[in-house]
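1. how would this look folded up:
(2 chains)
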Amino acid sequence: MLGGSRLLGSMAALLMAVLAATATAQEQPVRGGTLRITVPEPVMLTGAFNSAGQIYVISPKIHDGLVAYDADFNLQPQLATAWTISADGKEMKFTLRPNVRWHDGKPFTSEDVAFSAMKVWKVAHPRGRSVYANLERVDTPDPLTAIFRFSQPAPYILNALFSAESQPVPRHIYDGTDLATNPNNVAPVGTGPFKFTRWERGQYLQLDRNPDYWDTGKPYLDRVVFRFIPDPGARTVAFETGEIDAGAGIPVPLSDARRLAGMPSMQVHLEGDEAINAQTFIEFNLRRPLFQDVRVRRAIAHAIDRGFIARNVYFNFATPATGPVSKDLKRFYTADVPAYPYDPALAQKLLDEAGLKRGSDGIRARITHDPLPGNEFYLRTAEYFRQAMQRIGIAVEIRTADFATWYRRIYTDNDFDTSNYAAFNLADPTMGVQRFYWSKNIVKGVAFSNGSGYANAEVDRAFELAQIEVDPARRTSLFQQMQKLVMGDVPNIPVVDLEWLSVTNRKVHNMIKPPLGPHGNFADAWMKP
Amino acid sequence: MARIARFLGRRLVQAAGVILGIAVINFLLVHLAPGDAVEVLAGEAGGAGDPGYVERLRARFGLDRPLHEQLALYLWNVVRLDFGYSFRHGTDVLDLILGRVPATLLLMVTSIAAAFLLGLVLGVTAARRVNTVTDNVIALVALLSYAIPLFWLGLMLVVLFSVMLGWLPSGGISTVGVDQSPLAYAADVARHAVLPTVTLTLFYMAVYTRLMRASMLEVTGHDFVRTARAKGLSERAVIWRHVLKNALLPMVTMIGMQVGSLLGGAVMVEMVFGWPGLGRLAFEAILARDLNLLLGILLLSSILVVAANILVDLAYAWLDPRIEVR
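-> Modelled structure (predicted):
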């Protein structure tokens, strides 16, 4: 009976979803309204030199980027209306949109672009120094032309030119000042569809419609308010009571997301994270003698049921990962890699072969495990890991700590056996994947670097060639070669490809559009009154 | 009067020493925690492309200097009552703290006052009907409201009054995204304050109730109460004029202790209700290793505790003439 009614229920839900989709397609955008979004409180409001997740969401509304993307990652005009790339890939020329003004009324020109690229992104952005490493200078022959000149081709930059990642800031405000303490960081002047109005610390950030936005008639919304709600359970409640309309980057516990997905007034968006591509890993510290034997690493990989984790820890908002590149990064992913299907018996056999016999207490080895704090699913994964390891005779002690402690253990002191965390592939493996496997990125004190201490000269070579390869097909094949090599070595175990989901009220339309989703500028977003 | 002035003078000199001592201990304690503000910032940013990023930020924040130099600089700032700069927030620490003071005071003063009054009434009632059903019911209520975890109680109130009944907002201090007149704004803030205040009041009330009951029972046994009864005073006069005033001393001690923790706020309640108070600010400062901000909050709290103690000593003398300030 129960099964029958559940089936009926899901059929009804499907029907309603289809009806809703049809209705949406016919509806015209409405001007006006306030969109209320929940995000963690940021420390600043420009993403030009801080790429924290909430700034990634907030800052693109205030600052447009040079370009945006369509669903297939083709460049779309934003502040730049046209672009040409030289055959050798060393020159990118952008034609800028005329008559764009900063929110303070000053004109936006190529000088702003040159200043932002050379004096901000390349110098002070956490990833900028590596992403823009080959950028030698930006020429500005006239106010509406900016020519980026590179010492070597840097094709991945095309996947980094959107607002959240490479944000033009006003030169007239920043030039000659200390970037970190410029008051503009907390009350910014941008070019985007929404202007900064006020920031009540600990409460909310209010942005209001920019009436002089270059895209006449847009944005549709009058106001965007970001609310800071520290407790995850309270965020779910605020969705249910209609006090907030949207949230991005897994705004509620996944168990609640499953429940909200079943409510007719709510919508859980799995799309819109195509430039994020989150994956979770269990990582080995390869400095430990125990994990220097690849058979031990493979044994542990075989002892983990990724499907179980996807279902029970991630409530099916994730799928088992097969390699170091997410399935969702379609242009670069390959399934043709060494696989580690769940097989505890094989795991035990591999451990025996590696000489790790069970002691009189049934234990082969004792290790510690450090889950990333901050979200409940890391700890749940760690608890599963402990049980799975117990079955094959490895005793795991889980060490919980706050983020600063975890960071120091993993990346500064390298004082850990195993850990688990999530990381973003971003829109390009050079930006999001290379950092974990490139041996030159074994650097003490740098977060989300090559923490396992993995070094394979062939993997390094594939990454380094892909960095400067201008032919897309050859570049993809280099990345696929890398994926095979990495999965043969398993310096970490990719666990799941995780949906970096958004939740919205169904009143909200056009907010989550692939590929940027919540990281777009919301010029097209509108609310049904 | 001269005596009070002398008392105050001596206590203020002592207080300065105590606060400086606390500042040193605070400084050393917070530096025991592993990790620093720069690592948290870099971690939140999704990782930095190169170690230079972390090193440059550390130099800018002054975290690359030897610890004793940082301590000396900090103490010099304390002496000048300069709270320093939060690099994380890009703002002066004092501005950040002052921004949270109104919300903190609103929540804490209302809750402590309500808890004091409720505790007083319930405690007196329980003491007058000692070992009856009323007494037991009050004891049970006090026990429950003290034992229930604050965050759970808060969430349950939210589920009932916000989700199911829809009477009250679930969190925050005001409705966001609407422009309101000052009067409407005040009413809006009051509505938002109801649930966090009730949650916190129930918790504090328990302590006052038990304290008041015990104190009342003790005082009732004294000779002067028997005398008052013997000379034919009504029960009401005996209780309110003779017993109550004498039974208040422990309550004043308790209030003094709680006023000390006033600025610390109530982290749990502030987290559940998204209340923009100092407790949450301090908690977030710990997680972010924003030591300047954390030390600022701790320093201000220690000043408040010391001041509250001096005031409580003065209040004793006023409540009970047998106690003198010296």
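2. contacts, neighbours, all on C-alpha from now
-> OK.
3. how about the nearest residue to the closest residue to chain A within chain B, chain neighbours excluded?
-> Residue nearest to chain A within chain B (C-alpha to the nearest C-alpha): B:A45, separated by 3.9 Å. Of all residues not flanking B:A45 in the chain, A:A52 sits nearest, at 3.9 Å (C-alpha to C-alpha, 6 or more residues apart in numbering or on different chains).
4. The one you found reaches A:F424, doesn't it?
-> No. With contacts counted by C-alpha atoms under 8 Å, A:A52 stays clear of A:F424, the gap being 11.9 Å.
5. quick one: which of those two has more around it?
-> A:F424 (24 against 21; other C-alpha atoms under 10 Å in any protein chain shown).
6. give me the beta-bridge partners of that one?
-> Beta-bridge pairing for A:F424 (DSSP bridges): A:A278.
7. could you dump the host helix or strand of A:L350 to CSV, C-alpha only?
-> Assigned by DSSP states H and E, A:L350 belongs to helix A:344-353. Taking Å, rounded to 0.1, in the frame of the first residue of the first chain, the C-alpha atoms of helix A:344-353 are listed here in CSV:
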residue,chain,number,x,y,z
PRO,A,344,36.0,-6.0,0.9
ALA,A,345,37.3,-9.5,0.2
LEU,A,346,39.7,-8.3,-2.4
ALA,A,347,40.7,-5.4,-0.1
GLN,A,348,41.7,-8.0,2.6
LYS,A,349,43.6,-10.0,0.0
LEU,A,350,45.5,-6.9,-1.1
LEU,A,351,46.3,-6.0,2.5
ASP,A,352,47.6,-9.6,3.2
GLU,A,353,49.8,-9.3,0.1
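8. which parts of that helix are buried?
-> Buried residues in helix A:344-353, counted by 16 or more other C-alpha atoms under 10 Å in any protein chain shown: A:344, A:346-348, A:350-352.
9. mind putting those in CSV, distance to chain B and pLDDT included?
-> Output for the buried residues of helix A:344-353, formatted as CSV (distance: C-alpha to the nearest C-alpha, whole Å; pLDDT from 0 to 100):
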residue, distance to chain B, pLDDT
A:P344, 34, 96
A:L346, 36, 97
A:A347, 33, 97
A:Q348, 36, 96
A:L350, 35, 97
A:L351, 34, 97
A:D352, 38, 96
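10. Of all pairs in the residues you listed, which one is the farthest apart?
-> Spanning the widest gap among the buried residues of helix A:344-353 are A:P344 and A:D352, at 12.3 Å by C-alpha to C-alpha.
11. Show the model's pLDDT score for the residue nearest to B:V306 when sequence neighbours are not counted.
-> Leaving aside its chain neighbours, B:V306 sits nearest to B:A15 (6.4 Å; criterion: C-alpha to C-alpha, 6+ apart). pLDDT recorded at B:A15 is 89.
12. try A:E283
-> A:E283 is assigned a pLDDT of 97 by the prediction.
13. Likewise for A:L501?
-> Note on A:L501: pLDDT of 95.
14. how about the strands in chain B?
-> Secondary structure of chain B by DSSP state E: the strands cover B:85-86, B:91-92.
15. Give the partner strands of the last one in its sheet and their orientations.
-> Partners of strand B:91-92 in the sheet, by DSSP bridges, are strand B:85-86 (antiparallel).
16. picking up where we left off before, who touches the helix holding A:L350?
-> Residues from elsewhere that reach helix A:344-353 (C-alpha atoms under 8 Å, 6 or more residues apart in numbering or on different chains): A:295-296, A:298-303, A:357, A:391-392.
17. after it comes which helix or strand?
-> With elements assigned by DSSP H and E, the helix or strand that comes after helix A:344-353 is strand A:365-371.
18. In the sheet, which strands lie alongside that next one, parallel or antiparallel?
-> Sheet pairing for strand A:365-371, using DSSP bridges, gives strand A:394-398 (parallel), strand A:418-424 (parallel).
19. which one of these has the most crowded surroundings?
-> strand A:418-424 (a mean of 22; mean count of other C-alpha atoms under 10 Å in any protein chain shown).
20. And the average pLDDT for that strand is what?
-> 94.
21. Now do B:N131: how many residues are near it, please.
-> B:N131, neighbours per other C-alpha under 10 Å, totals 10.
22. Quick check, pLDDT for it.
-> For B:N131, the model assigns a pLDDT of 87.
23. Now A:A80, what are its backbone angles?
-> With angles defined as degrees, to the nearest 10, A:A80 sits at phi -100, psi 140.
24. from what I can see it touches A:A68, true?
-> No. Between A:A80 and A:A68 there is no contact under C-alpha under 8 Å: 9.4 Å.
25. looking at chain A, which residue ends up farthest from its center?
-> Distance from the C-alpha centroid of chain A peaks at A:S360, with 45.8 Å (C-alpha atoms, centre = their mean).
26. thinking again about what came up before, closest to A:L35 among the buried residues of helix A:344-353?
-> Distance to A:L35 across the buried residues of helix A:344-353 (C-alpha to C-alpha) is lowest for A:P344, with 49.7 Å.
27. gap between that closest one and A:F308?
-> Per C-alpha to C-alpha, to the nearest Å, A:P344 is found 14 Å from A:F308.
28. repeat for A:A117
-> Taking C-alpha to C-alpha as the measure, A:A117 falls 45 Å from A:F308.
29. now swap in A:D70 and tell me
-> A:D70 is 34 Å from A:F308, by C-alpha to C-alpha.
30. same thing with A:A133?
-> Taking C-alpha to C-alpha as the measure, A:A133 falls 42 Å from A:F308.
31. cool, A:M44 as well?
-> 39 Å.
32. Alongside chain B, which residues does the stretch 1-150 of chain A contribute?
-> Proximity of the stretch 1-150 of chain A to chain B is confined to A:34, A:36, A:43-44, A:50-53, A:124, A:126-130 under the rule C-alpha under 8 Å from any C-alpha of the partner chain.
33. Chain B - how does it break down into domains?
-> Here the domain parsing of chain B from automatic domain parsing is B:2-93, B:101-319.
34. The shortest one: end-to-end distance?
-> Using C-alpha to C-alpha, the gap from the first to the last residue of domain B:2-93 comes to 38 Å.
35. Give me the number of neighbouring residues for B:I255.
-> B:I255 has 18 neighbours, counted by other C-alpha under 10 Å.
36. Check B:S145 too.
-> Counted with other C-alpha under 10 Å, the neighbours of B:S145 add up to 20.
37. for it, what are its contacts?
-> Contacts of B:S145 by C-alpha under 8 Å, 6+ apart are B:202-203, B:206.
38. cool, and A:P143?
-> With contact set as C-alpha under 8 Å, 6+ apart, A:P143 has these partners: A:109-111.
39. can you do 6 Å?
-> Neighbour list for A:P143: A:109-110 [criterion: C-alpha atoms under 6 Å, 6 or more residues apart in numbering or on different chains].
40. do the same with A:R101
-> A:R101 touches A:107-108, counting by C-alpha under 6 Å, 6+ apart.
41. Return the set of residues that bridge with it.
-> Beta bridges link A:R101 to A:P107, judged by DSSP bridges.
42. can you tell me how far it sits from A:A310?
-> A:R101 is 47 Å from A:A310, by C-alpha to C-alpha.
43. likewise B:G154?
-> For B:G154, the distance to A:A310 equals 32 Å [C-alpha to C-alpha].
44. For those two, work out which one has more neighbours and name it.
-> Of the pair B:G154 and A:A310, B:G154 is the one with more neighbours under other C-alpha under 10 Å, namely 25 against 21.
45. residue contacts, the more buried one?
-> Residues in contact with B:G154 (C-alpha under 6 Å, 6+ apart) are B:T199.
46. any idea how far it lies from B:E69?
-> For B:G154, the distance to B:E69 (C-alpha to C-alpha) stands at 44 Å.
47. now B:R226
-> In this structure, B:R226 and B:E69 are 65 Å apart, going by C-alpha to C-alpha.
48. Next: B:P149.
-> From B:P149 to B:E69 the distance is 42 Å (C-alpha to C-alpha).
49. for A:G32, same thing?
-> Applying C-alpha to C-alpha, the value for A:G32 to B:E69 is 55 Å.
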